[in-house]
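Need the 3D shape of this:
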Amino acid sequence: RIQSLAFSRDGLLFASGDFYGFIRIWDARTGALRHTFQKHWGSIESLQFSADSSRLFATGCRDRMITAWDVSTGQLIESLDFEQPVFGFDLTPDGKTLLAGGWYNKFFAYDPETLVLKNEIKIGRGSAPFILPAGKQIVALNNTKSCSMNLYQWQEDESLALVNQWDPLHDSFWVDVEIHPDGKMMAVVFRDGSVKTFQRQLDRSWKESAQTMIPFRDKDITQIQFDPLGRHLITGTYSGQTKIWDLASEELLEVLPGNTRITSLVMSPNGKLLLTGNLTGMIHAWATQEKEIEPVVVGTQSAPHPLR
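Numbering: from 1, shown residues only. Sure thing, here's the model as predicted:
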């Protein structure tokens, strides 16, 4: 199954990671397969391209590794032994720091060029970091018996000051977090299909929305994505459908068909291509302004079928 999808910053490439530890890089214009990587033995939970799109970072969580790959040659640049499960990582907006989280209520800041450790940052609680667009605040989520969430302000001395705390946040584990492009809205998806949204306040604190948005009332959500301009919301579902909503009016604009649970989705930086990955290892690419593009089949045994 497809565990993760990511576009390069220039939108020319996208990467997929599957349950068996395979990573593939694809040409976003033609659908041609560029490279296949296999270093991880665990499910690929996170993928991100570097700011200049020359490198791809990946983690398999359970195998306790973070890897960096050369996008042009397909060669492994560096493999970092994290010495604990990697619950998540994120790159700062300027691309100069890779922040990873695991056990022990610490975040680890690495130089993306070398994967050399720059700093260990002690936090109150949290295991997976999500950096807000301005790069000044960090959301930290933690799954134990329930889900908790802390929000921190990044200080000049690179320490983190607690801004908000939700403990417990929900009685089901989190599975996806998306932040609106303007940095003023955040949505957290939980394993039970429910979603909670949060709004940024004038004092930089965050407040949970009082009402559940219409797109989230069915409690069938597995993945969410905002389009780059922040006008539309895309939701993937357990039933396999992908839905596109007008964010302002909460009106359902389109339903993309499917019958297998959506496990990952991502939109290109220019908003013209939407990728959805599902439980059976299929990637569908949807042109947002044209007809549907043929699906890509990604598997560990069968050869992938290119986009046409």
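
isn't L12 right next to A28, touching?
Yes: at 5.7 Å, L12 counts as touching A28 under the criterion of C-beta atoms under 8 Å. In short, each C-beta sits where N, CA and C put it, glycine included.

Tell me which of those two has more neighbours.
A count of neighbours by other C-beta atoms under 10 Å puts A28 above the other of L12 and A28, at 21 against 14.

Run through the bridge partners of the nearest residue to the more buried one once chain neighbours are set aside.
Nearest non-adjacent residue to A28, counting by C-beta to C-beta, 6 or more residues apart in numbering: F14, 5.2 Å away. With DSSP bridges as the criterion, F14 is bridged to F7, W26.

What is the burial count for F14?
Residues contacting F14 under the criterion other C-beta under 10 Å number 25.

List the contacts of it.
L5, A6, F7, S8, I25, W26, A28, V266, S268, L275 (C-beta atoms under 8 Å, 6 or more residues apart in numbering).

for S53, same thing?
Residues counted as contacts of S53 (C-beta under 8 Å, 6+ apart) are S8, R9, D10, L12, L13, V71.

The nearest residue to the first one once chain neighbours are set aside and V71: what is the separation?
It stands for S8. Spatially, and ignoring its direct neighbours in sequence, S8 is nearest to S53 (3.9 Å; C-beta to C-beta, 6+ apart). Distance, S53 to V71, using C-beta to C-beta, to the nearest Å: 7 Å.

With A161 instead?
Counting by C-beta to C-beta, the gap from A161 to V71 is 36 Å.

pLDDT weak spots in the stretch 101-250 of the chain?
For the stretch 101-250 of the chain, residues meeting the criterion pLDDT under 70 lie at 124-126, 145.

just to revisit the earlier point, can you list residues touching both of S53 and V71?
Common contacts of S53 and V71 (C-beta under 8 Å, 6+ apart): S8, L13.

for the contacts of F14, which one is nearest S43?
L5 (13.6 Å; C-beta to C-beta).

To which secondary structure element is the closest one assigned?
According to DSSP states H and E, L5 maps onto strand 2-7.

starting at the chain centroid, how far to that strand?
8 Å (C-alpha atoms, centre = their mean, to the nearest Å).

Give me the residues contacting that strand.
Here strand 2-7 has contacts from 13-19, 28, 43-49, 56, 263-269, 275, 277-278, 281-283, 298, using C-beta under 8 Å, 6+ apart.

Now for the closest residue to S148 other than its chain neighbours, how many residues are close by?
Nearest non-adjacent residue to S148, counting by C-beta to C-beta, 6+ apart: D167, 4.0 Å away. Using other C-beta under 10 Å, D167 is surrounded by 13 other residues.

Which strand runs longest in the chain?
Using DSSP state E, we find that the single longest strand of the chain is strand 160-170.

I'd like to know which elements that one is packed against.
Where contact means 3 or more C-beta pairs under 8 Å, 6 or more residues apart in numbering; DSSP states H and E, strand 160-170 is packed against strand 137-143, strand 147-154, strand 185-190, strand 206-208.

residue boundaries of the helices in the chain?
In the chain, no segments count as helices under DSSP state H.

picking up where we left off before, just the C-alphas of the longest strand of the chain, formatted as PDB.
Output in PDB follows, covering the C-alpha atoms of strand 160-170 (Å, rounded to 0.1, in the frame of the first residue of the first chain):
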ATOM      1  CA  LEU A 160      10.900  26.000  22.400                       C
ATOM      2  CA  ALA A 161       8.400  27.900  24.600                       C
ATOM      3  CA  LEU A 162       5.000  26.300  25.200                       C
ATOM      4  CA  VAL A 163       2.100  28.300  23.700                       C
ATOM      5  CA  ASN A 164      -0.800  25.800  23.900                       C
ATOM      6  CA  GLN A 165      -1.400  22.300  25.200                       C
ATOM      7  CA  TRP A 166      -4.200  19.800  24.500                       C
ATOM      8  CA  ASP A 167      -3.900  16.700  26.700                       C
ATOM      9  CA  PRO A 168      -5.800  14.700  25.900                       C
ATOM     10  CA  LEU A 169      -6.600  16.100  22.400                       C
ATOM     11  CA  HIS A 170      -8.700  13.100  21.300                       C
END
